[in-house]
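Asker: all I have is the shape, not the residue letters:
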């Protein structure tokens, strides 16, 4: 098990402690990439990096917005050392 994330073709961000990235997908969803994550609790940051073995790096240009759970609102999120908002517009569910 490892801390992994994916982005679906509908723009949803999903993360969890799973064996395979595909374990994060629901029936009927498709993935446009993923990677690994880790928390920096001291700085209240979520660090995203790498790529999924099955899906590769996230294809940010394929989506207009990234839909994140409201629990991440207020957390600084970085992808490969850059603010995630540099890649895509962030929207939080309520």
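Answerer: That came through fine. The structure displayed is predicted, hence computed values, not measured ones.
Asker: so how many other residues sit close to residue 63?
Answerer: 19 (other CB atoms under 10 Å). No exception for glycine: its C-beta is placed from N, CA and C like everyone else's.
Asker: surely it meets residue 89?
Answerer: No - with contact defined as CB atoms under 8 Å, residue 63 does not count as touching residue 89 (9.0 Å).
Asker: for residue 59, give its distance to residue 73.
Answerer: The gap separating residue 59 from residue 73 is 24 Å, by CB to CB, to the nearest Å.
Asker: hmm, I was thinking of residue 65
Answerer: With the distance defined as CB to CB, residue 65 ends up 14 Å from residue 73.
Asker: try residue 45
Answerer: Distance of residue 45 to residue 73, given as CB to CB: 14 Å.
Asker: now do residue 46
Answerer: 12 Å.
Asker: between the two, which has more neighbouring residues?
Answerer: Between residue 46 and residue 73, counting by other CB under 10 Å, residue 46 is the more crowded of the two (21 against 11).
Asker: mind checking pLDDT for the more buried one?
Answerer: pLDDT recorded at residue 46 is 98.
Asker: good, wrapping up.
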